[in-house]
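Undergrad: generate a structure from the sequence data that follows.
(2 chains)
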Amino acid sequence: MTAPEAVLIAATVIIGFGLLLILRRELADAAERRQAGAWRDVVEVLLPVTATVALLVWAWIY
Amino acid sequence: MTNPAVRITNPRSDVSIVKTYVELMKLRIVELLLVTTLPAMIAAAGGWPGWWLVFATLLGGTLSSAGANAINQVIDRDIDRVMSRTKGRPLPTERVSTRAVLVFGTALGLAGFLWLWATTNLLAAALSTVGLLFYVFVYSMLLKRTTTQNIVIGGAAGAVPVLVGWAAVANTVELPAWIMFAIVFFWTPPHFWALAIRYREDYERAGVPMLPVVVGERRALDHMLSYTVVLVGATLLLYATGPVGWIYLVVAVVVGAAFLAATWMLRDHPEAAMKYFGYSNAYLSVVFIAIAVDVLVLA
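TA: Numbering: from 1, shown residues only, chains lettered A, B, ... in the order given. Next up, the predicted model:
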(Lines give C-alpha, C1' and ligand atoms only; values in the text may rest on other atoms or scores of the structure.)
Protein backbone atom coordinates (compact mmCIF):
# COMPACT_ATOMS: atom_id res chain seq x y z
CA MET A 1 0.00 0.00 0.00
CA THR A 2 1.38 3.43 -0.96
CA ALA A 3 1.44 6.42 1.39
CA PRO A 4 -1.34 8.29 -0.52
CA GLU A 5 -3.54 5.16 -0.38
CA ALA A 6 -3.01 4.82 3.38
CA VAL A 7 -3.77 8.52 3.88
CA LEU A 8 -6.87 8.21 1.69
CA ILE A 9 -8.17 5.43 3.96
CA ALA A 10 -7.34 7.47 7.08
CA ALA A 11 -9.00 10.58 5.63
CA THR A 12 -12.11 8.60 4.71
CA VAL A 13 -12.42 7.15 8.22
CA ILE A 14 -11.92 10.57 9.86
CA ILE A 15 -14.32 12.39 7.53
CA GLY A 16 -16.89 9.59 7.84
CA PHE A 17 -16.69 9.76 11.63
CA GLY A 18 -16.99 13.56 11.56
CA LEU A 19 -19.99 13.45 9.22
CA LEU A 20 -21.73 10.95 11.50
CA LEU A 21 -21.15 13.26 14.46
CA ILE A 22 -22.54 16.21 12.49
CA LEU A 23 -25.59 14.25 11.38
CA ARG A 24 -26.32 12.93 14.86
CA ARG A 25 -26.00 16.31 16.56
CA GLU A 26 -27.67 18.43 13.90
CA LEU A 27 -30.62 16.09 13.47
CA ALA A 28 -31.07 15.81 17.24
CA ASP A 29 -31.18 19.61 17.46
CA ALA A 30 -33.55 19.83 14.52
CA ALA A 31 -35.87 17.24 16.08
CA GLU A 32 -35.90 19.19 19.33
CA ARG A 33 -36.95 22.34 17.50
CA ARG A 34 -39.65 20.36 15.65
CA GLN A 35 -42.18 22.75 14.18
CA ALA A 36 -43.55 23.81 10.83
CA GLY A 37 -40.53 24.02 8.55
CA ALA A 38 -38.45 21.43 10.42
CA TRP A 39 -37.93 19.64 7.10
CA ARG A 40 -35.86 22.64 6.03
CA ASP A 41 -33.41 21.99 8.90
CA VAL A 42 -32.99 18.41 7.70
CA VAL A 43 -32.39 19.45 4.09
CA GLU A 44 -29.88 22.09 5.19
CA VAL A 45 -27.95 19.52 7.20
CA LEU A 46 -28.06 16.85 4.51
CA LEU A 47 -26.87 19.18 1.75
CA PRO A 48 -23.23 19.64 2.87
CA VAL A 49 -23.05 16.05 4.18
CA THR A 50 -24.15 14.64 0.81
CA ALA A 51 -21.74 16.92 -1.05
CA THR A 52 -18.87 15.72 1.15
CA VAL A 53 -19.74 12.08 0.58
CA ALA A 54 -19.73 12.80 -3.18
CA LEU A 55 -16.30 14.41 -2.80
CA LEU A 56 -15.03 11.30 -0.99
CA VAL A 57 -16.36 9.02 -3.72
CA TRP A 58 -14.65 11.22 -6.34
CA ALA A 59 -11.37 11.02 -4.38
CA TRP A 60 -11.55 7.20 -4.42
CA ILE A 61 -12.22 7.13 -8.16
CA TYR A 62 -9.62 9.85 -8.94
CA MET B 1 -30.01 63.08 19.26
CA THR B 2 -26.84 63.40 17.19
CA ASN B 3 -24.74 60.29 16.83
CA PRO B 4 -21.28 61.11 18.31
CA ALA B 5 -19.55 59.12 15.56
CA VAL B 6 -21.17 61.42 12.98
CA ARG B 7 -20.15 64.53 14.87
CA ILE B 8 -16.43 63.74 14.99
CA THR B 9 -16.22 62.95 11.28
CA ASN B 10 -15.86 65.84 8.87
CA PRO B 11 -18.01 64.80 5.88
CA ARG B 12 -16.03 67.06 3.54
CA SER B 13 -12.64 65.56 4.36
CA ASP B 14 -11.32 63.60 1.38
CA VAL B 15 -9.23 61.45 3.69
CA SER B 16 -12.21 60.47 5.84
CA ILE B 17 -14.27 59.65 2.73
CA VAL B 18 -11.52 57.39 1.38
CA LYS B 19 -11.15 55.78 4.81
CA THR B 20 -14.89 55.15 4.94
CA TYR B 21 -14.93 53.41 1.57
CA VAL B 22 -11.86 51.35 2.45
CA GLU B 23 -13.65 50.36 5.66
CA LEU B 24 -16.67 49.20 3.63
CA MET B 25 -14.42 46.78 1.72
CA LYS B 26 -13.48 44.94 4.97
CA LEU B 27 -9.97 44.26 3.73
CA ARG B 28 -9.08 42.13 6.77
CA ILE B 29 -11.54 39.51 5.56
CA VAL B 30 -10.35 39.91 1.96
CA GLU B 31 -6.80 39.29 3.18
CA LEU B 32 -7.78 35.84 4.46
CA LEU B 33 -9.54 35.02 1.19
CA LEU B 34 -6.37 35.86 -0.70
CA VAL B 35 -4.28 33.66 1.61
CA THR B 36 -6.27 30.72 0.25
CA THR B 37 -6.30 31.88 -3.39
CA LEU B 38 -2.54 32.04 -4.00
CA PRO B 39 -1.72 28.50 -2.76
CA ALA B 40 -4.59 27.17 -4.92
CA MET B 41 -2.96 28.88 -7.92
CA ILE B 42 0.45 27.42 -7.06
CA ALA B 43 -1.03 23.92 -6.66
CA ALA B 44 -2.88 24.22 -9.98
CA ALA B 45 0.28 25.34 -11.77
CA GLY B 46 2.52 22.80 -10.02
CA GLY B 47 4.88 25.71 -9.31
CA TRP B 48 4.91 29.51 -9.48
CA PRO B 49 2.13 30.56 -11.89
CA GLY B 50 3.81 33.84 -12.90
CA TRP B 51 3.76 37.30 -11.33
CA TRP B 52 1.24 38.82 -13.75
CA LEU B 53 -1.32 36.04 -13.32
CA VAL B 54 -0.92 36.18 -9.54
CA PHE B 55 -1.37 39.96 -9.50
CA ALA B 56 -4.36 39.84 -11.88
CA THR B 57 -6.14 37.08 -9.94
CA LEU B 58 -5.56 38.58 -6.51
CA LEU B 59 -6.71 42.01 -7.67
CA GLY B 60 -9.84 40.56 -9.27
CA GLY B 61 -10.54 38.49 -6.16
CA THR B 62 -10.09 41.54 -3.96
CA LEU B 63 -12.54 43.58 -6.04
CA SER B 64 -15.21 40.85 -5.94
CA SER B 65 -14.81 40.12 -2.23
CA ALA B 66 -14.76 43.81 -1.34
CA GLY B 67 -17.90 44.32 -3.42
CA ALA B 68 -19.65 41.49 -1.61
CA ASN B 69 -18.63 42.93 1.77
CA ALA B 70 -19.94 46.40 0.86
CA ILE B 71 -23.31 45.11 -0.42
CA ASN B 72 -23.61 42.88 2.66
CA GLN B 73 -23.35 45.95 4.88
CA VAL B 74 -26.36 47.43 3.11
CA ILE B 75 -28.42 44.30 3.79
CA ASP B 76 -27.21 44.06 7.40
CA ARG B 77 -27.42 47.75 8.28
CA ASP B 78 -30.31 47.22 10.71
CA ILE B 79 -28.47 44.37 12.45
CA ASP B 80 -25.17 46.25 12.50
CA ARG B 81 -26.88 49.16 14.24
CA VAL B 82 -27.83 47.08 17.30
CA MET B 83 -24.66 45.00 17.62
CA SER B 84 -21.83 46.47 19.68
CA ARG B 85 -19.24 44.79 17.42
CA THR B 86 -20.58 46.45 14.28
CA LYS B 87 -22.33 49.66 15.31
CA GLY B 88 -19.25 51.72 14.42
CA ARG B 89 -19.41 50.70 10.74
CA PRO B 90 -19.98 53.37 8.07
CA LEU B 91 -23.74 52.79 7.57
CA PRO B 92 -24.82 52.62 11.24
CA THR B 93 -22.81 55.79 11.92
CA GLU B 94 -24.35 57.46 8.85
CA ARG B 95 -21.01 58.40 7.35
CA VAL B 96 -22.25 57.35 3.93
CA SER B 97 -25.62 56.79 2.29
CA THR B 98 -27.13 53.36 1.65
CA ARG B 99 -27.44 54.13 -2.06
CA ALA B 100 -23.78 55.13 -2.31
CA VAL B 101 -22.66 51.86 -0.66
CA LEU B 102 -24.90 49.82 -2.95
CA VAL B 103 -23.48 51.55 -6.04
CA PHE B 104 -19.93 51.15 -4.68
CA GLY B 105 -20.35 47.43 -3.95
CA THR B 106 -22.01 46.71 -7.29
CA ALA B 107 -19.30 48.64 -9.15
CA LEU B 108 -16.57 46.68 -7.33
CA GLY B 109 -18.26 43.38 -8.14
CA LEU B 110 -18.68 44.30 -11.78
CA ALA B 111 -15.10 45.54 -11.99
CA GLY B 112 -13.89 42.27 -10.45
CA PHE B 113 -15.79 40.24 -13.04
CA LEU B 114 -14.57 42.29 -16.02
CA TRP B 115 -10.99 42.42 -14.74
CA LEU B 116 -10.80 38.66 -14.16
CA TRP B 117 -12.41 37.94 -17.53
CA ALA B 118 -9.98 40.26 -19.33
CA THR B 119 -6.84 39.12 -17.53
CA THR B 120 -7.47 35.45 -16.67
CA ASN B 121 -10.48 33.61 -18.11
CA LEU B 122 -14.28 33.57 -18.09
CA LEU B 123 -14.49 30.62 -15.68
CA ALA B 124 -12.48 32.42 -12.98
CA ALA B 125 -14.53 35.59 -13.52
CA ALA B 126 -17.83 33.70 -13.37
CA LEU B 127 -16.85 31.78 -10.22
CA SER B 128 -15.83 34.98 -8.51
CA THR B 129 -19.20 36.56 -9.33
CA VAL B 130 -21.06 33.42 -8.25
CA GLY B 131 -19.25 33.74 -4.90
CA LEU B 132 -20.41 37.36 -4.58
CA LEU B 133 -24.01 36.56 -5.53
CA PHE B 134 -24.10 33.53 -3.20
CA TYR B 135 -22.82 35.66 -0.31
CA VAL B 136 -25.35 38.42 -0.92
CA PHE B 137 -28.48 36.49 -1.92
CA VAL B 138 -28.10 33.06 -0.30
CA TYR B 139 -26.15 33.88 2.88
CA SER B 140 -27.10 37.46 3.74
CA MET B 141 -30.66 37.57 2.42
CA LEU B 142 -31.90 33.97 2.65
CA LEU B 143 -30.04 32.18 5.46
CA LYS B 144 -28.51 34.61 7.94
CA ARG B 145 -31.71 35.57 9.74
CA THR B 146 -33.63 32.32 9.34
CA THR B 147 -31.52 29.28 10.23
CA THR B 148 -28.75 28.02 12.49
CA GLN B 149 -27.18 26.57 9.34
CA ASN B 150 -26.59 30.13 8.08
CA ILE B 151 -22.83 30.05 8.45
CA VAL B 152 -22.52 26.40 7.39
CA ILE B 153 -24.12 26.73 3.94
CA GLY B 154 -23.38 30.44 3.57
CA GLY B 155 -19.75 29.73 4.36
CA ALA B 156 -19.41 28.25 0.89
CA ALA B 157 -19.08 31.81 -0.40
CA GLY B 158 -15.84 32.22 1.55
CA ALA B 159 -14.49 29.01 0.01
CA VAL B 160 -15.03 30.14 -3.60
CA PRO B 161 -11.70 32.05 -3.89
CA VAL B 162 -9.76 28.75 -4.00
CA LEU B 163 -11.86 27.72 -7.01
CA VAL B 164 -11.17 31.13 -8.60
CA GLY B 165 -7.43 30.71 -8.02
CA TRP B 166 -7.37 27.21 -9.49
CA ALA B 167 -9.56 28.20 -12.46
CA ALA B 168 -7.42 31.26 -13.22
CA VAL B 169 -4.47 28.94 -13.81
CA ALA B 170 -6.06 25.79 -15.22
CA ASN B 171 -9.27 27.15 -16.82
CA THR B 172 -11.06 24.23 -15.15
CA VAL B 173 -11.84 23.10 -11.59
CA GLU B 174 -10.42 19.70 -10.65
CA LEU B 175 -10.80 17.50 -7.57
CA PRO B 176 -7.92 19.04 -5.54
CA ALA B 177 -9.57 22.46 -5.94
CA TRP B 178 -12.84 21.07 -4.57
CA ILE B 179 -10.96 19.53 -1.63
CA MET B 180 -9.39 22.92 -0.85
CA PHE B 181 -12.92 24.34 -1.11
CA ALA B 182 -14.05 21.70 1.42
CA ILE B 183 -11.18 22.64 3.77
CA VAL B 184 -12.32 26.29 3.89
CA PHE B 185 -15.99 25.20 4.01
CA PHE B 186 -15.52 23.01 7.11
CA TRP B 187 -13.18 25.51 8.74
CA THR B 188 -15.82 28.27 8.57
CA PRO B 189 -18.44 27.00 11.11
CA PRO B 190 -16.09 26.48 14.09
CA HIS B 191 -14.39 29.79 13.25
CA PHE B 192 -17.58 31.86 13.22
CA TRP B 193 -19.31 30.00 16.04
CA ALA B 194 -16.37 30.98 18.25
CA LEU B 195 -17.13 34.60 17.35
CA ALA B 196 -20.83 33.97 18.01
CA ILE B 197 -20.01 32.56 21.46
CA ARG B 198 -18.09 35.73 22.32
CA TYR B 199 -20.79 38.04 20.93
CA ARG B 200 -23.78 35.87 21.81
CA GLU B 201 -25.78 38.69 23.42
CA ASP B 202 -25.14 40.85 20.37
CA TYR B 203 -26.54 38.25 17.99
CA GLU B 204 -29.45 37.55 20.31
CA ARG B 205 -30.33 41.24 20.45
CA ALA B 206 -30.14 41.47 16.66
CA GLY B 207 -32.30 38.37 16.22
CA VAL B 208 -29.66 36.46 14.26
CA PRO B 209 -30.07 32.70 14.96
CA MET B 210 -26.39 31.84 15.27
CA LEU B 211 -26.01 28.31 16.62
CA PRO B 212 -24.75 29.26 20.12
CA VAL B 213 -27.76 31.59 20.50
CA VAL B 214 -30.29 28.90 19.56
CA VAL B 215 -28.89 25.67 21.05
CA GLY B 216 -26.67 27.13 23.76
CA GLU B 217 -22.94 27.41 24.20
CA ARG B 218 -22.20 23.83 25.25
CA ARG B 219 -23.98 22.19 22.31
CA ALA B 220 -22.51 24.68 19.87
CA LEU B 221 -19.07 23.67 21.13
CA ASP B 222 -19.94 20.02 20.42
CA HIS B 223 -20.94 20.98 16.89
CA MET B 224 -17.64 22.85 16.45
CA LEU B 225 -15.78 19.68 17.35
CA SER B 226 -17.71 17.65 14.75
CA TYR B 227 -16.89 20.11 11.97
CA THR B 228 -13.25 20.25 13.04
CA VAL B 229 -12.99 16.45 12.73
CA VAL B 230 -14.21 16.64 9.11
CA LEU B 231 -11.91 19.61 8.48
CA VAL B 232 -8.82 17.67 9.58
CA GLY B 233 -9.90 14.71 7.43
CA ALA B 234 -10.30 17.01 4.43
CA THR B 235 -6.76 18.37 4.86
CA LEU B 236 -5.47 14.77 4.69
CA LEU B 237 -7.58 14.05 1.62
CA LEU B 238 -5.65 16.72 -0.30
CA TYR B 239 -2.40 14.76 0.13
CA ALA B 240 -4.11 11.56 -1.01
CA THR B 241 -5.20 13.14 -4.30
CA GLY B 242 -1.75 14.17 -5.36
CA PRO B 243 -0.98 17.88 -5.76
CA VAL B 244 1.01 18.11 -2.50
CA GLY B 245 3.74 16.01 -0.87
CA TRP B 246 5.15 15.06 2.53
CA ILE B 247 5.96 18.60 3.68
CA TYR B 248 2.28 19.51 3.48
CA LEU B 249 1.24 16.21 5.08
CA VAL B 250 3.48 16.71 8.12
CA VAL B 251 2.22 20.27 8.63
CA ALA B 252 -1.44 19.26 8.11
CA VAL B 253 -1.16 16.43 10.65
CA VAL B 254 0.64 18.53 13.29
CA VAL B 255 -1.49 21.68 13.08
CA GLY B 256 -4.64 19.58 12.56
CA ALA B 257 -4.00 17.69 15.80
CA ALA B 258 -3.30 20.99 17.57
CA PHE B 259 -6.50 22.56 16.18
CA LEU B 260 -8.55 19.53 17.24
CA ALA B 261 -7.03 19.76 20.72
CA ALA B 262 -7.80 23.50 20.85
CA THR B 263 -11.44 22.85 19.86
CA TRP B 264 -11.70 20.10 22.48
CA MET B 265 -10.22 22.33 25.20
CA LEU B 266 -12.50 25.22 24.25
CA ARG B 267 -15.42 23.08 25.52
CA ASP B 268 -14.04 23.55 29.06
CA HIS B 269 -12.89 27.14 28.52
CA PRO B 270 -15.50 28.91 26.34
CA GLU B 271 -14.25 32.23 27.69
CA ALA B 272 -11.22 31.72 25.41
CA ALA B 273 -13.43 31.90 22.30
CA MET B 274 -11.69 34.95 20.83
CA LYS B 275 -8.26 33.42 21.38
CA TYR B 276 -9.55 30.35 19.52
CA PHE B 277 -10.94 32.62 16.78
CA GLY B 278 -7.45 34.06 16.23
CA TYR B 279 -5.91 30.61 16.37
CA SER B 280 -8.30 29.30 13.72
CA ASN B 281 -7.21 32.15 11.41
CA ALA B 282 -3.60 31.11 11.94
CA TYR B 283 -4.49 27.44 11.39
CA LEU B 284 -6.05 28.06 7.98
CA SER B 285 -3.17 30.31 6.94
CA VAL B 286 -0.57 27.71 7.95
CA VAL B 287 -2.37 24.90 6.09
CA PHE B 288 -2.54 26.94 2.88
CA ILE B 289 1.01 28.29 3.22
CA ALA B 290 2.10 24.65 3.60
CA ILE B 291 0.40 23.85 0.28
CA ALA B 292 2.32 26.63 -1.44
CA VAL B 293 5.67 25.82 0.19
CA ASP B 294 5.30 22.11 -0.50
CA VAL B 295 4.57 22.60 -4.20
CA LEU B 296 7.31 25.22 -4.65
CA VAL B 297 9.95 23.17 -2.80
CA LEU B 298 9.09 19.74 -4.16
CA ALA B 299 8.17 20.83 -7.70
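Undergrad: looking only at pLDDT, what's the mean for stretch B:207-217?
TA: Mean pLDDT, stretch B:207-217: 91.
Undergrad: from the rest of the structure, what touches that stretch?
TA: Outside stretch B:207-217, the residues that touch it by CB atoms under 8 Å, 6 or more residues apart in numbering or on different chains are A:29, A:33, B:79, B:144-148, B:150-151, B:189, B:192-193, B:196-197, B:200, B:203-204, B:219-220, B:223, B:270. To be clear about C-beta, it is placed using only N, CA and C from the backbone, and glycine gets the same treatment.
Undergrad: ok, 6 Å please
TA: Where contact means CB atoms under 6 Å, 6 or more residues apart in numbering or on different chains, the residues beyond stretch B:207-217 that reach it are A:29, B:148, B:193, B:196, B:197, B:200, B:203, B:204, B:220, B:270.
Undergrad: give the buried residues for that stretch.
TA: B:208, B:209, B:210, B:211, B:212, B:213, B:214, B:215, B:217 (16 or more other CB atoms under 10 Å in any protein chain shown).
Undergrad: what about the longest helix in chain A?
TA: Secondary structure of chain A per DSSP state H: the longest helix is helix A:3-32.
Undergrad: in the very next helix or strand once past that one, what's buried?
TA: Once the chain leaves helix A:3-32, the next helix or strand it forms, by DSSP states H and E, is helix A:38-61. Within helix A:38-61, the residues that count as buried by 16+ other CB under 10 Å are A:41, A:44, A:45, A:48, A:49, A:52, A:55, A:56, A:59.
Undergrad: leaving out chain neighbours, which residue sits closest to the fifth one?
TA: Residue nearest to residue A:49 in three dimensions, not counting chain neighbours: residue A:19, with 5.4 Å by CB to CB, 6 or more residues apart in numbering or on different chains.
Undergrad: now for whatever residue of the stretch 1-150 of chain B ends up closest to chain A, how many residues are close by?
TA: Residue of the stretch 1-150 of chain B nearest chain A, by CB to the nearest CB: residue B:149 (4.0 Å). Residue B:149 has 22 neighbours, counted by other CB atoms under 10 Å in any protein chain shown.
Undergrad: what does the average pLDDT come to for stretch B:105-115?
TA: On average, stretch B:105-115 scores 97.
Undergrad: before we move on, what about stretch B:31-47?
TA: For stretch B:31-47, the mean per-residue pLDDT is 92.
Undergrad: hmm, who's touching stretch B:107-124?
TA: For stretch B:107-124, with CB under 6 Å, 6+ apart as the criterion, the contacting residues are B:56-57, B:60, B:63-64, B:66-67, B:125, B:128-129, B:132, B:164, B:167-168, B:171.
Undergrad: write a ChimeraX command that selects only the buried members of those.
TA: Here is the ChimeraX command that picks out the buried ones among the contacts of stretch B:107-124, judged by 16+ other CB under 10 Å:
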select /B:56,57,60,63,64,66,67,125,128,129,132,164,167,168
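Undergrad: hang on, the earlier thing: what's the angle between the longest helix of chain A and helix A:38-61?
TA: Calculated by axes from the mean of the first three to the mean of the last three CA atoms, to 10 degrees, helix A:3-32 forms an angle of 170 degrees with helix A:38-61.
Undergrad: please name every helix or strand in contact with helix A:3-32.
TA: helix A:38-61, helix B:217-240 (3 or more CB pairs under 6 Å, 6 or more residues apart in numbering or on different chains; DSSP states H and E).
Undergrad: and which of the contacts of stretch B:107-124 is nearest residue A:1?
TA: Closest approach to residue A:1 among the contacts of stretch B:107-124 (CB to CB): residue B:167, at 33.3 Å.
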